[in-house]
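Colleague: coordinates only, no sequence provided:
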């Protein structure tokens, strides 16, 4: 078989390392040049490559498509026009594992916001109960790296991965929430929502279950035609601040981070999922109490001169940022927006900030979008994050919170949201040094 890896990002790089010695003929195709090291690797392993999608892609039997490849791209046109069979790394890995480990249980988490936190929390609870658990996917460790003899596979799945897969049907699909996002990739909002829904339908049609946020039901085509034994719904009302209550089960929550409004959906989705996997309430409670939030997910960084800094670089859309800032209602805070917007309506986010924020800094490509809205004088525009930090010191006062929840993708000034988050942490650490040296 002729297999073409379309795009050479993290998942396809790891996949190539797994299949490079197979009997299949492997190609790599992308619309940019490869590094010197990559070319040396290809030639050493007899792998053909092209730096412009062309004959290698056109003449393959199977295209394994990187999630970032848009349906409107040149590569997608070649695939569709030539009726080429396609898949993506997560589906390819799932099929490989299922072939040798039929009893394995896959839990796939998708949604607009909170995927990584929910994936990590479900995995954390499962590992507390059953150590033979893999946690990864879009979260950072591609599924292709997982051992094939584990009991549980907890996988974060993006809409891109769902789009480029055809059969991937986990035993449990979890939809945390739905809000406009990735409208610069999907054809429109309906396409984005229906792509997410495909994962739920595949699980249910293959005898599994779908665990869905009640608020998301209105955006699903199955809203009036679902099997109540297969579609299980949850809501924020299930959490009273001390317990998550689901049917006749009560799970005590003794972890203050879940008092933040932005994390409540993640918590409830994780508890409902693990209860449906048969894990006892007391063990779920123990695991939740030891859970720590992910890096750059509304993460507390430092307190300097009675000013607290929070890093939410992972908030790459307006819905996520809105929920982050909503968590600071009733507190003094200065907001920082930045990055590349995703064709979203920012009205709700900006209204929240106009009403509750002390000041709002905007930098990067986000400036071009924000100025389209009617704003008051609390919005301050800067070129980059360094400039924001220089001006911040003129505005902050003791007991202020500096909240960096950008609401845009990072690619205008950074390689990814992690690099952006690291830069924010670095600037805070510099402030710490300056403050220490001034006394």
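Modeller: Structure received. The structure presented is a predicted model; accordingly, all values stated were derived computationally and were not measured.

Colleague: walk me through the domains of this protein.
Modeller: Residue ranges for the domains of the chain, per automatic domain parsing: 2-87, 93-289, 299-437.

Colleague: could you list the low-pLDDT ranges of the protein?
Modeller: Residues of the chain meeting the criterion pLDDT under 70: 181-184, 223-225, 436-439.

Colleague: now tabulate the domains of the chain in a markdown table and tack on mean neighbour count.
Modeller: Yep, even glycine has a C-beta here, placed from its N, CA and C like the rest. Putting the domains of the chain into a markdown table (neighbours: other C-beta atoms under 10 Å) gives the following:
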| stretch | mean neighbour count |
| --- | --- |
| domain 2-87 | 17 |
| domain 93-289 | 20 |
| domain 299-437 | 18 |
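
Colleague: quickly list what residue 380 is bridged to.
Modeller: As for beta bridges, residue 380 partners with residue 361 under DSSP bridges.

Colleague: wait, doesn't it sit right on residue 358?
Modeller: No. Assessed by C-beta atoms under 8 Å, residue 380 is found out of contact with residue 358, at 11.1 Å.

Colleague: which neighbours do those two have in common?
Modeller: Common contacts of residue 380 and residue 358 (C-beta atoms under 8 Å, 6 or more residues apart in numbering): none found.

Colleague: separation between residue 395 and residue 373?
Modeller: Going from residue 395 to residue 373 by C-beta to C-beta, to the nearest Å gives 21 Å.

Colleague: let me fix that: residue 177
Modeller: Relative to residue 373, residue 177 is positioned 24 Å away (C-beta to C-beta).

Colleague: kindly report the same for residue 419.
Modeller: To residue 373, residue 419 is 28 Å away according to C-beta to C-beta.

Colleague: equivalent analysis for residue 430, please.
Modeller: Residue 430 sits 32 Å away from residue 373, going by C-beta to C-beta.

Colleague: which stretches in the stretch 1-150 of the chain count as helices?
Modeller: Taking DSSP state H, counting those that start in this stretch to define them, one finds helices in the stretch 1-150 of the chain at 10-19, 36-44, 55-58, 74-81, 89-100, 115-129.

Colleague: show me the contact partners of the longest helix that the chain contains.
Modeller: Ordering each helix of the chain by length in residues (DSSP state H) puts helix 417-437 first. Helix 417-437 has contacts (C-beta under 8 Å, 6+ apart) with 295-296, 299, 301-302, 304-305, 309, 311, 313-314, 316, 338-339, 385-386, 389, 404, 406, 409-410, 413-414.

Colleague: and that helix, how far out from the chain's middle?
Modeller: 24 Å (C-alpha atoms, centre = their mean, to the nearest Å).

Colleague: ok, now stretch 398-412?
Modeller: Offset of stretch 398-412 from its chain centre (C-alpha atoms, centre = their mean): 17 Å.

Colleague: need the distance between the two termini of it.
Modeller: For stretch 398-412, the first-to-last residue distance is 32 Å (C-alpha to C-alpha, to the nearest Å).

Colleague: and for stretch 3-11?
Modeller: One end of stretch 3-11 sits 15 Å from the other (C-alpha to C-alpha).

Colleague: with stretch 299-313 instead?
Modeller: Stretch 299-313 has an end-to-end distance of 9 Å (C-alpha to C-alpha).

Colleague: from here on, count from 83
Modeller: Yep, numbering from 83; the last one is stretch 381-395 now.

Colleague: what residues does that stretch touch?
Modeller: For stretch 381-395, the surrounding residues in contact (C-beta under 8 Å, 6+ apart) are 375, 378-380, 402-403, 406, 478-488, 492, 499-500, 502-503, 506-507, 510-511, 513-514, 517.

Colleague: now residue 177: how far from residue 170?
Modeller: Applying C-beta to C-beta, one obtains 11 Å for the distance of residue 177 from residue 170.

Colleague: what do you get for residue 231?
Modeller: Distance, residue 231 to residue 170, by C-beta to C-beta: 23 Å.

Colleague: residue 421 too?
Modeller: Counting by C-beta to C-beta - residue 421 and residue 170 are separated by 25 Å.

Colleague: again with residue 454
Modeller: Separation of residue 454 from residue 170 (C-beta to C-beta) stands at 35 Å.
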